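Q: Structure for this input, please:
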Amino acid sequence: MPDRTTPNYEIEVFYDGGCPLCLREISMLHRWDKRSKIRFTDIDAPSFEADEIGKSYQELMARMHARLPDGTWLVGVEVFRRLYEVVGFKRLTALSRLPLISQVLDFGYRIFARNRLRLTGRCSAQACSTKHTASTSR
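A: Residues are numbered from 1 along each chain as shown. Alright, predicted model coming up:
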């Protein structure tokens, strides 16, 4: 009999479903996840409560986050590496860990993450916003 306390996924990704670019990548990963090894959690969903996972909404919005079944948190580019490994791109992710490539990817991701709302058209002249910032102070 299977152990029901052990999750059947290898990684849970916390993504911004209100971000068109993010959603495009998540949709692609979802299609490639033939063995259902990724648990997808939309932090932009009205029912999502960041407090329940021990992170703030702002923290989750600032950088990509994922959690392993043992409770270990991953952030930034390492999340993408693990997601792509799970769907079968282990050789590609191995290349992304090479020193110079890793540094360029980390730098590029930090710039993207900092400007993501503006780049995806979610900023006005006054401020950048999400569904949650308009209605709550998560």
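Q: Just the CA trace of the longest helix along the chain, in CSV.
A: As assigned by DSSP state H, the longest helix anywhere in the chain is helix 99-119. Extracted C-alpha coordinates of helix 99-119, given in CSV (Å, rounded to 0.1, in the frame of the first residue of the first chain):
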residue,chain,number,x,y,z
PRO,A,99,30.8,29.0,-13.9
LEU,A,100,30.5,31.7,-16.5
ILE,A,101,27.1,30.6,-17.8
SER,A,102,25.7,30.3,-14.3
GLN,A,103,26.9,33.9,-13.4
VAL,A,104,25.3,35.3,-16.6
LEU,A,105,22.0,33.5,-16.0
ASP,A,106,21.9,34.7,-12.3
PHE,A,107,22.6,38.3,-13.3
GLY,A,108,20.1,38.2,-16.2
TYR,A,109,17.4,36.7,-13.9
ARG,A,110,18.0,39.3,-11.2
ILE,A,111,17.5,42.1,-13.8
PHE,A,112,14.3,40.4,-15.2
ALA,A,113,12.9,39.8,-11.7
ARG,A,114,13.4,43.4,-10.6
ASN,A,115,11.7,44.7,-13.8
ARG,A,116,9.1,41.9,-14.4
LEU,A,117,6.0,43.9,-13.6
ARG,A,118,7.1,46.8,-15.8
LEU,A,119,8.2,44.5,-18.7
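Q: Could you pull out the buried residues of that helix?
A: 105, 109, 113, 116-117 (16 or more other C-beta atoms under 10 Å). The C-beta positions use only the backbone N, C-alpha and C, and glycine is treated the same way.
Q: Put together TSV for those, with pLDDT on each row.
A: Below are those laid out as TSV (pLDDT from 0 to 100):
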residue	pLDDT
Leu105	95
Tyr109	92
Ala113	88
Arg116	83
Leu117	81
